[in-house]
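Peer 1: I would like the atomic coordinates for the input below:
(one chain, ligands or ions: 2)
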Amino acid sequence: MSDADREEDWRPALEMTPDTTFRHRVPIHALTDPVTSNADHFVLAHFGVPRIALADWRLRIDGMVRRPLRLEFDGLKRFRRYEVETFMKCAGFPDNPAINTHNASNAVWAGADLREVLEHVGADPAASFVWAYGPDHGSYADWSADAYIKDVPVERIAAGDVLLAWDMNGEPLPAEHGFPLRLLVPGFYGTNSVKWLCRLHVADRRSPAITTTRLYNDPGPERADGTAVGSVPVWEAPPDAVIVAPADRAVVTGDPVRIWGRTWAARGIDRVGISFDEGASWVDAEVDPRRGYAWQRFELRIARDRIAGATSIIARATDTAGASQPLERARNACHRIAIRLG
Ligand SMILES: Nc1nc2c(c(=O)[nH]1)N[C@H]1C(S)=C(S)[C@@H](COP(=O)(O)O)O[C@H]1N2
Ligand SMILES: [Mo]
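Peer 2: Ligands and ions are numbered 1, 2, ... in the order given. You can find the predicted model right below:
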């Protein structure tokens, strides 16, 4: 049995600091920069933050490949470097698809294109998923795991821009964001972009891990009797938006009143409607054109007397395929803020 066949030897030496769930985020009204800085980009680490020394780290690639590999960091960096600017949106709670945590950022990532790395190792054309392994382990809420594993459809990888990313906004990945290497799946919910990436396993089926098959799987479409048909993995991000200004609970001054924010979807956003009457009627905002996977800016200037008496603002995005955000009870439910016209 060769080294690369041994099941557990993909784990580097590491220390988990902290060794409990770690979250960081700035308030939505602070998302004023088009590119979120490394310090302001939200962080979600289910089990804590593994600290890995570069000398201890390898990327193991195995499974349905002709040439299994253990790549050192320098070897990986010999692949062509690509840059991708992309929104990242946290799917929210692993097992609750009815809440939007509105946790989003936008950064410029750089690294190798996984499509080229798979060509290099001679991935079997019959493969359908790549399982990505992070070595972080521990517990989160009421479940625990000895690794953080996700699976990505080979089709998405073949479309390009799925990165093995070592740079974030021009700097090496900060520990919280996955040093030394993370997977980055633009257009998919953040949960799929495995940090502290140490192993890629090429397979013809989905991974059986708890993080792929049980958590982050939502009930499928409803039948007439209200029961769900199967389940759907939390992959492509549906249309979503946050109102950056005014801030929630702000006293709103000025005429016209200016409302703006950020919007995104795997496919890109076509339209954002703004409602001042709890969704009874909508006014179209202006939406910047889509650039790759970057989030788009929307803005509406509206005469004060047209919204007299308003106490809330809701934004609703529609993607290029015509899908709109649900008003409530969804991972991408509409953002609603309370305001007072001052
Ligand atoms: N190994 C590992 N990768 C992970 C996670 C994790 O806990 N462990 N969290 C995921 C989730 S749910 C999200 S939303 C993104 C967050 O990436 P960020 O912290 O760089 O913003 O990382 C994903 N990748
Ligand atoms: Mo997440």
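Peer 1: Break down the stretch 51-200 of the chain into its strands, ranges please.
Peer 2: 59-63, 69-71, 82-89, 104-113, 129-134, 138-140, 143-145, 148-153, 163-168, 171-172, 182-184, 199-203 (DSSP state E, counting those that start in this stretch).
Peer 1: Out of those strands, flag the one nearest ligand 2.
Peer 2: strand 82-89 (8.0 Å; CB to the ion). In this view, the C-beta of every residue, glycine as well, is placed from N, C-alpha and C.
Peer 1: can you state the direction angle for the closest one and strand 163-168?
Peer 2: Interaxial angle, strand 82-89 versus strand 163-168 (axes from the mean of the first three to the mean of the last three CA atoms, to 10 degrees): 90 degrees.
Peer 1: who's in contact with strand 82-89?
Peer 2: The contact list for strand 82-89 (CB atoms under 8 Å, 6 or more residues apart in numbering) reads 35, 41-42, 103-113, 161, 163, 184, 186-187, 189-190, 193, 237, 240, 262, 264, 291-295.
Peer 1: quick one: what helix or strand has Val26 in it?
Peer 2: Secondary structure assignment for Val26, by DSSP states H and E: no helix or strand.
Peer 1: The residue nearest to it when sequence neighbours are not counted: what's it in contact with?
Peer 2: Closest residue to Val26 apart from its sequence neighbours, by CB to CB, 6 or more residues apart in numbering: Asp40 at 4.9 Å. Under the criterion of CB under 8 Å, 6+ apart, the neighbours of Asp40 are Val26, Ala30, Leu31, Asp33, Ser105.
Peer 1: Any of the residues you listed buried? List them.
Peer 2: Leu31, Ser105 (16 or more other CB atoms under 10 Å).
Peer 1: tell me which of the contacts of Asp40 is nearest to ligand 1?
Peer 2: Ser105 (6.3 Å; CB to the nearest ligand atom).
Peer 1: pretty sure that closest one contacts Asn38?
Peer 2: No: assessed by CB atoms under 8 Å, Ser105 is found out of contact with Asn38, at 9.8 Å.
Peer 1: restrict the contacts of strand 82-89 to those near ligand 2?
Peer 2: For ligand 2, the contacts drawn from the contacts of strand 82-89 by CB under 5 Å from the ion are Gly190.
Peer 1: from the contacts of strand 82-89, which would you call buried?
Peer 2: If we count by 16+ other CB under 10 Å, the contacts of strand 82-89 have these buried: 41-42, 103-113, 161, 163, 184, 186-187, 189-190, 193, 237, 240, 262, 264, 293-295.
Peer 1: measure whichever residue of the stretch 201-342 of the chain sits closest to ligand 2 to ligand 1 for me?
Peer 2: The nearest approach of the stretch 201-342 of the chain to ligand 2 comes at Tyr216, 8.3 Å away (CB to the ion). According to CB to the nearest ligand atom, to the nearest Å, Tyr216 stands 8 Å off from ligand 1.
Peer 1: Ok, Trp109 next?
Peer 2: From Trp109 to ligand 1 the distance is 10 Å (CB to the nearest ligand atom).
Peer 1: so what pLDDT did the residue lying closest to that residue once chain neighbours are set aside get?
Peer 2: Nearest non-adjacent residue to Trp109, counting by CB to CB, 6+ apart: Ala165, 4.3 Å away. pLDDT, Ala165: 98.
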